[in-house]
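>>> With the sequence up front, the predicted model follows.
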Amino acid sequence: MARTPRIMTRWANTGLAPALLAVVALAGCGAGPAESPDDPSSGNPFTPQMLPRCHVTSDMLFSGGAGRGGIPALVNPTLVPRGHPDAQYLDDYVRLAEGRDDLPDARVVGMVVDGTPVAIPYNILWWHEIVNVELGGRVLAVTYCPLTGSAIVFDATAAGAGRFGVSGLIFRNNLVMFDVETESLWPQMCEVAAIGSKQGTQLVRVRGFEMLWEAWKDRYPETLVVGSETGFDFDYMLYPYGFYEVDDFLLFGTQGPVDPRLPLKERVLGIPGEDGGMALPFSALESSGTTTIIQLATDRGTALVLWDAAAGTAAAYLPQTVAGELVTIRTAADGFMDTETESLWNVEGVAVEGPMTGARLAIYDGAFVAFWFAWSQFNPDTRVWTVE
(Lines give C-alpha, C1' and ligand atoms only; values in the text may rest on other atoms or scores of the structure.)
Protein backbone atom coordinates (compact mmCIF):
# COMPACT_ATOMS: atom_id res chain seq x y z
CA MET A 1 0.00 0.00 0.00
CA ALA A 2 1.32 3.42 -0.92
CA ARG A 3 2.00 5.80 1.95
CA THR A 4 0.05 9.00 2.24
CA PRO A 5 2.03 11.71 0.44
CA ARG A 6 4.06 13.75 2.92
CA ILE A 7 5.48 16.88 1.32
CA MET A 8 7.47 19.34 3.37
CA THR A 9 6.64 23.06 3.27
CA ARG A 10 9.64 24.15 1.21
CA TRP A 11 8.43 27.71 1.00
CA ALA A 12 7.97 28.38 4.71
CA ASN A 13 10.54 31.18 4.50
CA THR A 14 9.63 32.62 1.11
CA GLY A 15 6.55 34.58 2.13
CA LEU A 16 4.13 32.48 0.08
CA ALA A 17 0.51 32.37 1.14
CA PRO A 18 -0.60 29.48 3.40
CA ALA A 19 -2.85 28.16 0.64
CA LEU A 20 0.17 27.70 -1.57
CA LEU A 21 2.07 26.06 1.24
CA ALA A 22 -0.68 23.49 1.49
CA VAL A 23 -0.39 22.74 -2.20
CA VAL A 24 3.40 22.50 -2.01
CA ALA A 25 3.94 22.20 -5.71
CA LEU A 26 7.32 22.31 -7.35
CA ALA A 27 8.09 23.37 -10.87
CA GLY A 28 9.32 20.28 -12.63
CA CYS A 29 12.21 19.04 -14.64
CA GLY A 30 13.24 16.85 -17.52
CA ALA A 31 15.94 16.24 -20.07
CA GLY A 32 16.73 16.14 -23.76
CA PRO A 33 19.35 16.82 -26.42
CA ALA A 34 23.09 17.06 -25.99
CA GLU A 35 25.67 19.08 -27.86
CA SER A 36 28.41 20.55 -25.74
CA PRO A 37 31.00 23.23 -26.41
CA ASP A 38 33.30 20.91 -24.47
CA ASP A 39 32.30 17.99 -26.66
CA PRO A 40 32.06 19.03 -30.32
CA SER A 41 29.20 17.82 -32.43
CA SER A 42 29.54 14.20 -33.34
CA GLY A 43 27.70 14.33 -36.62
CA ASN A 44 24.74 12.78 -34.83
CA PRO A 45 22.46 15.84 -34.66
CA PHE A 46 19.44 15.78 -32.44
CA THR A 47 16.81 18.48 -32.21
CA PRO A 48 14.10 18.84 -29.59
CA GLN A 49 11.49 18.71 -32.32
CA MET A 50 12.28 14.99 -32.63
CA LEU A 51 10.79 14.44 -29.17
CA PRO A 52 7.12 13.48 -29.42
CA ARG A 53 4.74 15.81 -27.63
CA CYS A 54 7.17 18.68 -27.40
CA HIS A 55 4.86 21.13 -29.12
CA VAL A 56 3.92 23.49 -26.30
CA THR A 57 1.13 26.04 -26.14
CA SER A 58 0.17 28.21 -23.19
CA ASP A 59 -2.87 26.08 -22.37
CA MET A 60 -0.54 23.09 -21.80
CA LEU A 61 1.30 24.87 -18.98
CA PHE A 62 0.08 24.61 -15.41
CA SER A 63 0.99 26.42 -12.22
CA GLY A 64 3.20 24.50 -9.83
CA GLY A 65 1.90 26.64 -6.99
CA ALA A 66 5.06 28.57 -6.10
CA GLY A 67 4.81 31.34 -8.68
CA ARG A 68 7.67 32.89 -10.60
CA GLY A 69 10.74 33.03 -8.39
CA GLY A 70 8.97 31.19 -5.56
CA ILE A 71 11.64 28.55 -6.07
CA PRO A 72 14.75 30.74 -6.06
CA ALA A 73 17.39 29.84 -8.61
CA LEU A 74 20.95 30.38 -7.40
CA VAL A 75 23.41 32.69 -9.13
CA ASN A 76 27.13 32.06 -8.62
CA PRO A 77 26.87 30.37 -5.22
CA THR A 78 30.10 29.92 -3.29
CA LEU A 79 32.05 26.83 -4.36
CA VAL A 80 34.12 25.27 -1.58
CA PRO A 81 36.53 22.30 -1.38
CA ARG A 82 34.84 19.08 -0.33
CA GLY A 83 36.59 19.18 3.06
CA HIS A 84 35.31 22.67 3.88
CA PRO A 85 32.86 23.00 6.81
CA ASP A 86 30.24 24.41 4.42
CA ALA A 87 30.38 21.13 2.48
CA GLN A 88 29.82 19.01 5.58
CA TYR A 89 26.06 18.85 4.98
CA LEU A 90 26.60 16.36 2.16
CA ASP A 91 28.54 13.82 4.20
CA ASP A 92 26.10 14.33 7.07
CA TYR A 93 23.22 13.60 4.69
CA VAL A 94 24.93 10.41 3.48
CA ARG A 95 25.05 9.17 7.06
CA LEU A 96 21.45 10.24 7.65
CA ALA A 97 20.15 8.39 4.56
CA GLU A 98 22.20 5.23 5.08
CA GLY A 99 19.94 2.22 5.43
CA ARG A 100 16.75 4.24 5.01
CA ASP A 101 14.35 3.53 2.17
CA ASP A 102 12.38 6.74 2.62
CA LEU A 103 15.22 9.08 1.63
CA PRO A 104 16.84 9.44 -1.80
CA ASP A 105 20.55 8.86 -2.25
CA ALA A 106 23.00 11.74 -2.08
CA ARG A 107 23.54 12.48 -5.75
CA VAL A 108 25.31 15.32 -7.55
CA VAL A 109 25.59 16.76 -11.02
CA GLY A 110 29.31 16.57 -11.72
CA MET A 111 31.24 18.58 -14.31
CA VAL A 112 34.89 19.07 -15.15
CA VAL A 113 35.35 22.58 -16.57
CA ASP A 114 38.81 23.69 -17.71
CA GLY A 115 40.27 20.87 -15.64
CA THR A 116 38.40 21.81 -12.45
CA PRO A 117 35.84 19.30 -11.12
CA VAL A 118 32.67 20.87 -9.73
CA ALA A 119 29.73 19.15 -8.02
CA ILE A 120 26.23 20.61 -7.74
CA PRO A 121 24.41 18.46 -5.15
CA TYR A 122 20.81 17.40 -5.47
CA ASN A 123 20.48 18.58 -1.85
CA ILE A 124 20.87 22.10 -3.28
CA LEU A 125 18.83 21.45 -6.41
CA TRP A 126 15.86 20.05 -4.48
CA TRP A 127 15.36 23.56 -3.15
CA HIS A 128 16.57 25.72 -6.05
CA GLU A 129 16.20 23.55 -9.22
CA ILE A 130 18.53 25.84 -11.19
CA VAL A 131 22.07 26.84 -10.25
CA ASN A 132 23.59 29.46 -12.56
CA VAL A 133 27.36 29.38 -12.23
CA GLU A 134 30.00 31.19 -14.25
CA LEU A 135 32.73 28.75 -15.25
CA GLY A 136 35.14 28.73 -18.17
CA GLY A 137 33.97 32.15 -19.36
CA ARG A 138 30.36 31.02 -19.70
CA VAL A 139 27.26 30.97 -17.56
CA LEU A 140 26.27 27.36 -17.06
CA ALA A 141 22.75 26.58 -15.90
CA VAL A 142 22.72 23.36 -13.90
CA THR A 143 19.10 22.24 -13.79
CA TYR A 144 17.35 19.43 -11.93
CA CYS A 145 13.70 18.53 -11.78
CA PRO A 146 12.73 16.82 -8.52
CA LEU A 147 9.39 15.84 -10.07
CA THR A 148 10.81 14.05 -13.10
CA GLY A 149 14.19 13.09 -11.63
CA SER A 150 16.29 14.50 -14.46
CA ALA A 151 19.34 16.75 -14.55
CA ILE A 152 20.81 18.68 -17.50
CA VAL A 153 23.52 21.32 -17.73
CA PHE A 154 22.94 24.07 -20.29
CA ASP A 155 25.16 26.79 -21.70
CA ALA A 156 23.11 29.88 -20.87
CA THR A 157 25.60 32.11 -22.66
CA ALA A 158 25.12 30.22 -25.93
CA ALA A 159 21.36 30.71 -25.54
CA GLY A 160 21.85 34.45 -25.20
CA ALA A 161 20.76 34.32 -21.57
CA GLY A 162 22.53 35.81 -18.59
CA ARG A 163 20.85 33.27 -16.37
CA PHE A 164 17.73 31.14 -16.04
CA GLY A 165 15.07 31.18 -13.36
CA VAL A 166 12.24 28.88 -12.26
CA SER A 167 8.98 30.05 -13.81
CA GLY A 168 6.70 28.22 -11.39
CA LEU A 169 5.01 26.57 -14.39
CA ILE A 170 5.17 22.91 -15.35
CA PHE A 171 4.76 21.04 -18.62
CA ARG A 172 4.01 17.33 -18.22
CA ASN A 173 5.29 17.55 -14.64
CA ASN A 174 8.47 19.05 -16.02
CA LEU A 175 10.31 22.23 -15.00
CA VAL A 176 9.69 25.25 -17.20
CA MET A 177 12.56 27.73 -17.02
CA PHE A 178 12.59 31.37 -18.07
CA ASP A 179 15.45 33.60 -19.15
CA VAL A 180 15.69 36.87 -17.30
CA GLU A 181 16.31 38.95 -20.44
CA THR A 182 13.18 38.12 -22.45
CA GLU A 183 11.14 35.99 -20.02
CA SER A 184 10.72 33.37 -22.73
CA LEU A 185 9.68 29.96 -21.43
CA TRP A 186 11.96 26.93 -21.84
CA PRO A 187 10.60 23.48 -20.85
CA GLN A 188 13.65 21.59 -19.63
CA MET A 189 12.92 18.24 -21.29
CA CYS A 190 12.33 19.91 -24.64
CA GLU A 191 15.55 21.98 -24.44
CA VAL A 192 14.09 24.68 -26.62
CA ALA A 193 12.31 27.96 -26.03
CA ALA A 194 8.62 27.16 -26.41
CA ILE A 195 6.94 30.50 -25.79
CA GLY A 196 8.20 34.07 -26.07
CA SER A 197 10.53 36.09 -28.28
CA LYS A 198 13.16 33.31 -28.24
CA GLN A 199 10.68 30.68 -29.37
CA GLY A 200 12.47 27.95 -31.32
CA THR A 201 15.92 28.74 -29.91
CA GLN A 202 17.59 25.48 -28.98
CA LEU A 203 19.60 25.04 -25.84
CA VAL A 204 23.16 23.71 -25.92
CA ARG A 205 24.05 21.08 -23.40
CA VAL A 206 27.31 21.04 -21.46
CA ARG A 207 28.90 17.76 -20.46
CA GLY A 208 27.61 16.92 -16.98
CA PHE A 209 26.78 13.68 -15.20
CA GLU A 210 24.59 12.74 -12.29
CA MET A 211 26.12 10.22 -9.93
CA LEU A 212 26.40 9.33 -6.27
CA TRP A 213 28.28 11.90 -4.19
CA GLU A 214 30.46 9.21 -2.62
CA ALA A 215 31.60 8.08 -6.07
CA TRP A 216 32.20 11.62 -7.37
CA LYS A 217 34.34 12.72 -4.42
CA ASP A 218 36.36 9.48 -4.53
CA ARG A 219 37.10 10.03 -8.22
CA TYR A 220 37.68 13.74 -7.88
CA PRO A 221 39.04 14.36 -4.35
CA GLU A 222 39.95 17.93 -5.35
CA THR A 223 36.36 18.71 -6.39
CA LEU A 224 34.63 21.95 -5.55
CA VAL A 225 31.05 21.77 -4.32
CA VAL A 226 28.27 24.28 -3.66
CA GLY A 227 28.53 25.32 -0.03
CA SER A 228 25.62 25.45 2.39
CA GLU A 229 25.86 29.24 2.84
CA THR A 230 23.66 30.22 -0.10
CA GLY A 231 21.96 33.23 1.45
CA PHE A 232 18.72 31.28 1.91
CA ASP A 233 17.45 29.80 5.14
CA PHE A 234 16.96 26.28 3.80
CA ASP A 235 17.95 23.05 5.51
CA TYR A 236 19.98 21.23 2.85
CA MET A 237 19.95 18.11 5.00
CA LEU A 238 16.18 17.92 4.44
CA TYR A 239 14.57 16.26 1.42
CA PRO A 240 11.49 18.48 0.92
CA TYR A 241 9.34 15.98 -1.01
CA GLY A 242 8.62 13.45 1.71
CA PHE A 243 8.02 9.99 0.20
CA TYR A 244 7.87 11.24 -3.40
CA GLU A 245 10.82 9.28 -4.77
CA VAL A 246 9.88 5.98 -3.13
CA ASP A 247 6.10 5.90 -3.57
CA ASP A 248 3.87 5.71 -6.62
CA PHE A 249 2.08 9.04 -6.38
CA LEU A 250 2.50 12.12 -8.56
CA LEU A 251 1.97 15.68 -7.36
CA PHE A 252 0.33 16.61 -10.66
CA GLY A 253 -1.72 14.69 -13.16
CA THR A 254 -0.33 13.45 -16.45
CA GLN A 255 -1.55 14.17 -19.94
CA GLY A 256 -2.53 10.67 -20.91
CA PRO A 257 -2.25 7.35 -19.06
CA VAL A 258 0.88 6.40 -17.13
CA ASP A 259 2.81 3.53 -18.73
CA PRO A 260 2.59 0.58 -16.29
CA ARG A 261 5.60 -1.39 -17.56
CA LEU A 262 7.92 -0.02 -14.86
CA PRO A 263 7.47 1.65 -11.46
CA LEU A 264 6.75 5.35 -11.86
CA LYS A 265 9.93 6.55 -10.13
CA GLU A 266 12.28 3.94 -11.59
CA ARG A 267 15.34 5.76 -12.93
CA VAL A 268 15.96 5.00 -16.59
CA LEU A 269 18.56 6.05 -19.12
CA GLY A 270 16.48 7.22 -22.06
CA ILE A 271 17.80 6.96 -25.60
CA PRO A 272 15.67 9.11 -27.93
CA GLY A 273 14.52 8.13 -31.39
CA GLU A 274 11.82 8.83 -33.92
CA ASP A 275 10.60 5.28 -33.28
CA GLY A 276 10.04 6.06 -29.59
CA GLY A 277 13.57 5.29 -28.47
CA MET A 278 14.70 2.99 -25.69
CA ALA A 279 14.60 3.14 -21.89
CA LEU A 280 17.19 1.25 -19.87
CA PRO A 281 15.93 0.73 -16.30
CA PHE A 282 18.52 1.07 -13.55
CA SER A 283 17.15 -2.10 -11.91
CA ALA A 284 17.93 -4.10 -15.07
CA LEU A 285 21.35 -2.46 -15.40
CA GLU A 286 22.12 -3.29 -11.76
CA SER A 287 21.33 -6.94 -12.40
CA SER A 288 23.63 -6.93 -15.44
CA GLY A 289 26.82 -6.46 -13.38
CA THR A 290 29.10 -3.97 -11.65
CA THR A 291 30.14 -2.48 -14.97
CA THR A 292 28.28 -3.17 -18.19
CA ILE A 293 28.58 -2.18 -21.84
CA ILE A 294 25.53 -2.37 -24.08
CA GLN A 295 25.37 -1.65 -27.80
CA LEU A 296 21.93 -0.61 -28.98
CA ALA A 297 20.80 -0.29 -32.57
CA THR A 298 18.85 2.95 -32.97
CA ASP A 299 17.32 4.82 -35.87
CA ARG A 300 20.37 7.11 -35.73
CA GLY A 301 22.99 4.38 -35.63
CA THR A 302 24.49 2.63 -32.63
CA ALA A 303 24.42 3.84 -29.04
CA LEU A 304 27.14 2.61 -26.69
CA VAL A 305 25.78 2.53 -23.13
CA LEU A 306 28.12 2.39 -20.13
CA TRP A 307 26.78 1.40 -16.70
CA ASP A 308 28.76 1.83 -13.49
CA ALA A 309 27.08 0.46 -10.36
CA ALA A 310 29.58 2.10 -8.00
CA ALA A 311 28.72 5.51 -9.45
CA GLY A 312 25.02 4.63 -9.63
CA THR A 313 24.69 5.95 -13.15
CA ALA A 314 24.66 5.20 -16.87
CA ALA A 315 25.51 7.25 -19.95
CA ALA A 316 25.28 6.79 -23.72
CA TYR A 317 27.95 7.50 -26.33
CA LEU A 318 28.72 7.05 -29.99
CA PRO A 319 31.04 4.17 -30.87
CA GLN A 320 33.48 6.00 -33.13
CA THR A 321 37.07 7.09 -33.58
CA VAL A 322 38.64 9.21 -30.86
CA ALA A 323 41.56 11.47 -31.79
CA GLY A 324 41.91 9.54 -35.03
CA GLU A 325 42.02 6.18 -33.26
CA LEU A 326 39.34 3.52 -33.43
CA VAL A 327 38.21 2.72 -29.90
CA THR A 328 36.58 -0.55 -28.88
CA ILE A 329 35.47 -0.34 -25.27
CA ARG A 330 35.20 -3.36 -22.97
CA THR A 331 34.68 -3.79 -19.25
CA ALA A 332 37.68 -3.93 -16.92
CA ALA A 333 38.29 -4.42 -13.21
CA ASP A 334 38.54 -0.68 -12.59
CA GLY A 335 35.89 0.48 -15.06
CA PHE A 336 36.26 0.28 -18.83
CA MET A 337 39.21 -0.26 -21.16
CA ASP A 338 39.76 0.13 -24.88
CA THR A 339 41.17 -2.85 -26.73
CA GLU A 340 43.41 -0.81 -29.00
CA THR A 341 45.59 0.99 -26.42
CA GLU A 342 44.41 -0.56 -23.13
CA SER A 343 43.65 2.89 -21.77
CA LEU A 344 41.31 3.01 -18.80
CA TRP A 345 38.01 4.89 -19.22
CA ASN A 346 35.31 5.97 -16.78
CA VAL A 347 31.54 6.09 -17.10
CA GLU A 348 31.82 9.79 -18.04
CA GLY A 349 33.40 8.64 -21.31
CA VAL A 350 36.84 10.01 -20.46
CA ALA A 351 40.14 8.13 -20.68
CA VAL A 352 41.82 8.52 -17.28
CA GLU A 353 44.90 6.27 -17.64
CA GLY A 354 47.03 5.09 -20.54
CA PRO A 355 48.02 6.42 -23.97
CA MET A 356 44.61 8.00 -24.61
CA THR A 357 44.40 9.89 -21.29
CA GLY A 358 42.20 12.95 -21.71
CA ALA A 359 40.37 11.66 -24.80
CA ARG A 360 36.58 11.66 -24.65
CA LEU A 361 33.85 9.66 -26.29
CA ALA A 362 31.19 11.69 -28.06
CA ILE A 363 27.95 11.80 -26.12
CA TYR A 364 24.88 10.32 -27.80
CA ASP A 365 22.72 13.38 -28.32
CA GLY A 366 19.45 13.43 -26.45
CA ALA A 367 20.18 10.65 -23.94
CA PHE A 368 19.38 11.44 -20.31
CA VAL A 369 18.41 9.92 -16.98
CA ALA A 370 14.90 10.52 -15.64
CA PHE A 371 12.07 8.85 -13.80
CA TRP A 372 10.27 6.28 -15.95
CA PHE A 373 6.88 8.03 -15.92
CA ALA A 374 8.45 11.23 -17.26
CA TRP A 375 10.48 9.55 -20.00
CA SER A 376 7.45 7.53 -21.15
CA GLN A 377 5.17 10.60 -21.12
CA PHE A 378 7.52 12.35 -23.54
CA ASN A 379 8.27 9.15 -25.46
CA PRO A 380 5.06 7.08 -25.36
CA ASP A 381 6.29 4.56 -27.96
CA THR A 382 9.51 3.81 -26.13
CA ARG A 383 10.83 0.28 -25.84
CA VAL A 384 12.17 -1.06 -22.55
CA TRP A 385 15.57 -2.76 -22.43
CA THR A 386 15.87 -6.04 -20.57
CA VAL A 387 18.87 -8.19 -19.65
CA GLU A 388 19.28 -10.94 -22.22
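All right, it came through fine.
>>> what about Gly335, distance to Pro240?
Per C-beta to C-beta, to the nearest Å, Gly335 is found 34 Å from Pro240. The C-beta positions use only the backbone N, C-alpha and C, and glycine is treated the same way.
>>> neighbour count winner among these two?
Gly335 (21 against 18; other C-beta atoms under 10 Å).
>>> per-residue pLDDT, the nearest residue to Gly358 once chain neighbours are set aside?
Residue nearest to Gly358 in three dimensions, not counting chain neighbours: Ala351, with 6.4 Å by C-beta to C-beta, 6 or more residues apart in numbering. Turning to Ala351, the model gives it a pLDDT of 93.
>>> pLDDT score assigned to Pro5?
With respect to pLDDT, Pro5 scores 44.
>>> Quick check, Arg172 in contact with Ser376.
No - between Arg172 and Ser376 there is no contact under C-beta atoms under 8 Å: 10.6 Å.
>>> Paired strands for the helix or strand where Ala141 lies, with orientation please.
Applying DSSP states H and E as the criterion places Ala141 in strand 138-145. Sheet pairing of strand 138-145 (DSSP bridges) gives strand 130-135 (antiparallel), strand 150-155 (antiparallel).
>>> residues making contact with that strand?
In this structure, residues lying in contact with strand 138-145 by C-beta atoms under 8 Å, 6 or more residues apart in numbering are 27-30, 37, 109, 111, 113, 120, 122, 125-126, 129-134, 150-158, 161-164, 173-175, 177, 188, 206, 208, 370, 374.
>>> which of those residues count as buried?
Neighbour counting with 16 or more other C-beta atoms under 10 Å marks 27-30, 109, 111, 113, 120, 122, 125-126, 129-133, 150-158, 161, 163-164, 173-175, 177, 188, 206, 208, 370, 374 as buried within the contacts of strand 138-145.
>>> Could you measure from Ala311 over to Gly335?
9 Å.
>>> between those two, what contacts are shared?
Counting by C-beta under 8 Å, 6+ apart, the common neighbours of Ala311 and Gly335 are Val347.
>>> Now the residue nearest to the spatial centre of the chain: closest residue in space, sequence neighbours ignored.
Of all residues in the chain, the one closest to the mean position by C-alpha atoms, centre = their mean is Ala151, 1.5 Å from it. Distances taken as C-beta to C-beta, 6+ apart place Tyr144 nearest to Ala151, at 4.4 Å, with adjacent residues excluded.
>>> so what's the closest residue to Thr254 other than its chain neighbours up against?
Distances taken as C-beta to C-beta, 6+ apart put Gln377 closest to Thr254, at 5.7 Å, once the chain neighbours are dropped. By C-beta under 8 Å, 6+ apart, the contact list for Gln377 reads Arg53, Arg172, Asn173, Thr254, Gln255, Gly256, Val258, Asp259.
>>> go again using 10 Å as the cut-off
30, 52-53, 148, 172-174, 189, 254-259, 370-371 (C-beta atoms under 10 Å, 6 or more residues apart in numbering).
>>> Can you flag which of those residues belong to strands?
Asn174, Ala370, Phe371 (DSSP state E).
>>> now those as JSON lines including distance to Arg95 and pLDDT?
Listed next are the ones in strands among the contacts of Gln377 as JSON lines, based on distance: C-beta to C-beta, whole Å; pLDDT from 0 to 100:
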{"residue": "Asn174", "distance to Arg95": "32", "pLDDT": "93"}
{"residue": "Ala370", "distance to Arg95": "28", "pLDDT": "96"}
{"residue": "Phe371", "distance to Arg95": "26", "pLDDT": "97"}
